[in-house]
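Student: From the sequence below, what's the structure:
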Amino acid sequence: MESPFKADILKGKVALVTGGGSGIGYEISLQLGKHGASVAIMGRRKHVLDSAVAALHSHGIPAIGLHGDVRKEDDAARTVESTFKHFGRLDILVNAAAGNFLVPAEDLSPNGFRTVIDIDTIGTFRMCREALKYLKKGGPGKDPSTGGAIINISAILQFGASWYQIHASAAKAAVDSITRSLALEWGEDHDIRVNGIAPGAIEDTAGVVKLAPEEMISKVKQKPLSKFGEKWDIAMAALYLASEAGKFVNGTNLVVDGGQWLSKPRFLLKDDVKQLSRREEIRSRVAPTGLPKSKL
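Tutor: Residues are numbered from 1 along each chain as shown. Model (predicted):
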């Protein structure tokens, strides 16, 4: 699809994307690069990173892959430092690394719960903290008059309650809180805008493959826009938040889900509602005795 943004909207910027080797993270990396940014991607699987970097290079995007795990403090520090050493600055951090799996709460071990919290929540904070000195106003390699941007990839499952995802729901609720708190503190102190993106069901991603069997997929297609989103949709939201287009947006969680989280099961069919409305309209015009109602 053709981007609605100018091709040079991020010209001269440098972005670091965790989980940037595949799925939504890769599409964000690709679109940031297509719009002028140099891109560093971080991930745990070296062969995935190598393939992603080669693909980015094929689009003419300056890119490097940095092998590391957001759960490890040394890896986080080394990745941020390597990005700066290679490109000379850091302007945008996208926290897209995440973990999830379906499991009934009674079958989830504390270690399994902790693993998702470590990746999604603590990993997000760890990367933000390590990147702070480069993102803040006047940081190394940056224009002294302005700060950078952080985008935390969240979800919609924590807005209510989600079956069999208590660990991921808790983790993403905490990520949303991190986003708001850092937006308040770092926006005021360091001119860093911190926002989130909450994707709905996105086609051709690990989340759909692992978490949505065919019967669930059919239910998603009954939602307001009657389709899955695309990774491109999330990348366009990231472009908006990372660029000057979103310069006055701070502390928000941009929901990109086609309205999925608003949906509830129908308790009546539409035709039944229409019939009920007609009956009520007739009843309201006629008194219980069958005589017209008084206008008094």
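Student: how far does stretch 59-69 sit from the chain's center?
Tutor: Centre-to-centre, stretch 59-69 and its host chain are 20 Å apart (C-alpha atoms, centre = their mean, to the nearest Å).
Student: Let me see the ranges of the strands in the stretch 151-296 of the chain.
Tutor: Along the stretch 151-296 of the chain, counting by DSSP state E, counting those that start in this stretch, strands occupy 193-199, 253-256.
Student: right, so those: which one is the most enclosed?
Tutor: Across these, averaging neighbours per residue (mean count of other C-beta atoms under 10 Å) puts strand 193-199 on top, at a mean of 25. From N, CA and C alone the C-beta is placed, and that goes for glycine too.
Student: So in that sheet, which strands flank that strand, and in what orientation?
Tutor: strand 149-153 (parallel), strand 253-256 (parallel) (DSSP bridges).
Student: Next, the residues that contact the last one from outside, please.
Tutor: If I follow you right, that is strand 253-256. 154, 156, 176, 179, 195-200, 229, 233-234, 237, 240-241, 261 (C-beta atoms under 8 Å, 6 or more residues apart in numbering).
Student: Throw the strands paired with strand 193-199 into JSON lines and include mean pLDDT and distance to residue 272, thanks.
Tutor: Output for these, formatted as JSON lines (pLDDT from 0 to 100; distance: least, C-beta to C-beta, whole Å):
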{"stretch": "strand 149-153", "mean pLDDT": "98", "distance to residue 272": "40"}
{"stretch": "strand 253-256", "mean pLDDT": "96", "distance to residue 272": "31"}
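Student: So which of those strands is nearest residue 134?
Tutor: Of all these, strand 149-153 sits nearest to residue 134, with 11.3 Å by C-beta to C-beta.
Student: what's the offset of that closest one from the middle of its chain?
Tutor: Mean-position distance between strand 149-153 and its chain equals 8 Å (C-alpha atoms, centre = their mean).
Student: can you start the count at 491 instead of 1 from here on
Tutor: Taking 491 as the first residue, the last one we looked at is strand 639-643.
Student: if I look at residue 565, how far off is residue 572?
Tutor: 10 Å (C-beta to C-beta, to the nearest Å).
Student: Those two: which has the busier surroundings?
Tutor: Using other C-beta atoms under 10 Å as the criterion, residue 565 and residue 572 rank with residue 565 on top: 20 against 16.
Student: so what's that one closest to, chain neighbours aside?
Tutor: Excluding the flanking residues, the one nearest residue 565 by C-beta to C-beta, 6 or more residues apart in numbering is residue 558, at 3.4 Å.
Student: Specify the beta-bridge partners of residue 745.
Tutor: Counting by DSSP bridges, the residues bridging with residue 745 are residue 688.
Student: that older thread, which residues sit in contact with the residue nearest to residue 565?
Tutor: Applying C-beta under 8 Å, 6+ apart to residue 558 gives the contacts 532, 533, 534, 565, 566, 568, 569.
Student: before we move on, what about residue 720?
Tutor: Contacts of residue 720 by C-beta under 8 Å, 6+ apart are 491, 692, 693.
Student: Would you mind measuring from the residue nearest to the last one when sequence neighbours are not counted to residue 659?
Tutor: To tie it back to what came earlier, the one meant is residue 693. Take residue 693 and drop its neighbours on the chain: the residue closest to it by C-beta to C-beta, 6+ apart is residue 718, 3.9 Å away. Distance, residue 718 to residue 659, using C-beta to C-beta: 20 Å.
Student: ok, how many other residues are close to residue 677?
Tutor: Residue 677 has 15 nearby residues by other C-beta under 10 Å.
Student: pLDDT score assigned to it?
Tutor: Looking at residue 677, its pLDDT reads 97.
Student: That one contacts residue 683, correct?
Tutor: Yes - with contact defined as C-beta atoms under 8 Å, residue 677 reaches residue 683; the gap is 6.3 Å.
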